[in-house]
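Colleague: pasting a predicted model and its sequence here:
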Amino acid sequence: MPDSSSSRPSGFDRRAFMAGAAGSALVPITARAATSDASIAASQDPSMPVDVTLRVNGKDKRLQLDARTTVLDALREHLKLTGSKKGCDHGQCGACTVLIGDRRVVSCLTLALAAEGQEITTIEGLATDDRLHPMQQAFVDNDAFQCGYCTPGQIMSAIACVKEGHANSDADIREYMSGNICRCAAYPNIVAAVKQAAPEIMKG
Amino acid sequence: MRPFSYQRVTDPDAAVQALGAAAIANNPLTKAAAQPLAGGTTLIDLMKLDVMRPSAIVDINPLASDWSAIEPGGGALRLGALARMSDVAAHDEIQRSYPVIADSLKLAASAQLRNMATLGGNVMQRTRCSYFRDVSYDNCNKRNPGSGCAAMDGVNRMHAVLGISDQCIATYPGDFAQALIALDATVEIAGKSGRRSLPFAQLHKVPGNTPDIETSLQPGELISAFAIAGRWPRSVYLKARDRQSYEFALSSAAIALDVENGTIRDARVALGGVATVPWRAREAEALLKGQRFDEGLAQRAADAAFADARGRRHNSFKIELGKRVMARALQQAVTMEI
């Protein structure tokens, strides 16, 4: 590994750091180089991507990514899974919602490197053969969208909402689905869809 | 987003070592070259906005195995700093014995963000001042000390009326911190020179002449847990905002009372959405203690809490709103069934 740092104002160097950390639980990951004035651990070649394996919809996907890549960009740009949508890209709109483990999260604020080793489920992972997931079917049945851009995020969020036990009343559904914005304002139909699908999902 | 190196740590010593390695004397924590990554809901957002520019990310999520316990019991409470907001909000015993904590968490952000965000990261979240978050504004003493404050004579409807200075009026945006400060929480901190603890009230710093220094944490230090003495079943968190859900507070109140035979034996009052830091209203508490509750008392306590409040062009409404929110929260706490 090239050591490209030429000046170390703080007198700290990567080799010493790595040696000191060798016996401890530090997992260094080759990433873009640090370019700030502060001298810290990594000084790798900034043009080198990072190896990462993401488990998406039950399959391991080996990728080489810029350390800055979010789960959302890894899905859309690298795995061509464009179901998860980029709305605000700042965790405000919910269009990028996926499940990591059994938890709904916004994939635009989750670094791909930080999601390594965890099960990621996207809208593409819901249907089995030619059968839609009950929540997908409920959105179709209830016309719970207009333009459809927020819908994958709404559906992923709605599945988690039901499993968390937060779909017991209209008020509950509205409160616990508030992280998914629908610019077309299909909200009444979204509430109806969640209510329709909830019993089937809880049944398993 | 600027380039950074990424490291994942699996024990606290390694985390402190990795973060401390980049620490420079007098470097405000928020500008430290190495930043810890927990939920990422503030950090990644602000990195995308180029407001935060770390060159090293230390992913501390694997420490959750040690640092995410939710431990009520023995008349006290300890919360690991890596516990997720949603898990604490949903915890039966927290809802029963510390409703002010459960509600402050439940009423914050969205379900997705609460699943991601940790308690430690939550209290360290940074202001939503739009002049701070948008680097195209030149004048922000918090981002660039000495550059001025665009909010002073800008659109400052969301800004603070308490704890302000002529350098900064940015509001502390969180909810949970008000519950912590009201309940006299202690912060447990891991650092290079071992563990230390601090009253939560000493964690955040009012802006004064150094709005860029937001907390008393040093670079390299990490919050590991919060501890609270006593049980507070008679407690509420009331939050007034522009929309009913998924919005920051215009004004909020965290109240915890100990009432016996109609007399207030102990009162804790903290205010959110109106101050530059989590705000304890001790003047109000002093008025409440030893008294029997009525609307007049609530009004006097609220007046006392906002006696030093100063509004600017667009945010003066927060003074009256804040008083009413506080008075209503007191009423709710007195009358709640426990």
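Modeller: Good, I have the coordinates.

Colleague: residue contacts, residue A:163?
Modeller: For residue A:163, the contact set (Cβ atoms under 8 Å, 6 or more residues apart in numbering or on different chains) comprises A:102, A:201, A:202. C-beta here means a position set from N, CA and C on the backbone, and glycine is covered the same way.

Colleague: and for residue B:317?
Modeller: The contact partners of residue B:317, by Cβ under 8 Å, 6+ apart, come to residue B:311.

Colleague: rerun at 10 Å
Modeller: Residue B:317 is in contact with B:157, B:161, B:250, B:251, B:311, counting by Cβ atoms under 10 Å, 6 or more residues apart in numbering or on different chains.

Colleague: please work out how many residues are found near residue B:139.
Modeller: 16 (other Cβ atoms under 10 Å in any protein chain shown).

Colleague: what's the closest non-adjacent residue to residue B:15?
Modeller: Spatially, and ignoring its direct neighbours in sequence, residue B:15 is nearest to residue B:9 (4.4 Å; Cβ to Cβ, 6 or more residues apart in numbering or on different chains).

Colleague: so which of the contacts of residue A:163 reach chain B?
Modeller: residue A:102 (Cβ under 10 Å from any Cβ of the partner chain).

Colleague: restricted to buried residues, select the contacts of residue A:163 in ChimeraX.
Modeller: Those of these that count as buried under 16 or more other Cβ atoms under 10 Å in any protein chain shown are selected in ChimeraX with:
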select /A:201
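
Colleague: will you turn the contacts of residue A:163 into JSON lines that also has pLDDT?
Modeller: Supplementary listing: the contacts of residue A:163 in JSON lines, determined by pLDDT from 0 to 100:
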{"residue": "A:102", "pLDDT": "96"}
{"residue": "A:201", "pLDDT": "97"}
{"residue": "A:202", "pLDDT": "94"}
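
Colleague: tell me the strands beside the strand or helix carrying residue A:53, with direction?
Modeller: Taking DSSP states H and E as the definition, residue A:53 sits inside strand A:50-56. According to DSSP bridges, strand A:50-56 forms sheet pairs with strand A:59-65 (antiparallel), strand A:119-121 (parallel).

Colleague: how about those strands in TSV, adding mean neighbour count and mean pLDDT?
Modeller: Below are the strands paired with strand A:50-56 laid out as TSV (neighbours: other Cβ atoms under 10 Å in any protein chain shown; pLDDT from 0 to 100):
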stretch	mean neighbour count	mean pLDDT
strand A:59-65	13	97
strand A:119-121	20	98
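
Colleague: okay if I get those as TSV plus distance to residue B:331?
Modeller: Shown next, in TSV, are those (distance: least, Cβ to Cβ, whole Å):
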stretch	distance to residue B:331
strand A:59-65	54
strand A:119-121	45
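
Colleague: out of these, which gets nearest to residue B:280?
Modeller: strand A:119-121 (42.0 Å; Cβ to Cβ).

Colleague: what sits up against that closest one?
Modeller: A:54-58, A:61, A:71, A:74-75, A:79, A:81, A:84, A:98-102, A:104-105, A:107, A:110, A:112, A:125, A:156, A:159-160.

Colleague: now, which of the residues you listed lie within strands?
Modeller: A:54, A:55, A:56, A:61, A:98, A:99, A:100, A:104, A:105 (DSSP state E).

Colleague: check the gap between the second one and residue B:308 for me.
Modeller: The gap separating residue A:55 from residue B:308 is 54 Å, by Cβ to Cβ, to the nearest Å.

Colleague: where does chain B get nearest to chain A, residue-wise?
Modeller: Proximity of chain B to chain A (Cβ to the nearest Cβ) peaks at residue B:110, 2.5 Å away.

Colleague: just to check, that residue is in contact with residue A:160?
Modeller: No: the pair residue B:110 / residue A:160 is not scored as a contact, 11.6 Å apart, by Cβ atoms under 10 Å.

Colleague: shared neighbours of these two, anything?
Modeller: In contact with both residue B:110 and residue A:160: A:97, A:104, A:176, A:177, using Cβ under 10 Å, 6+ apart.

Colleague: measure the last one to chain B for me?
Modeller: In this structure, residue A:177 and chain B are separated by 8 Å, where distance is defined by Cβ to the nearest Cβ, to the nearest Å.
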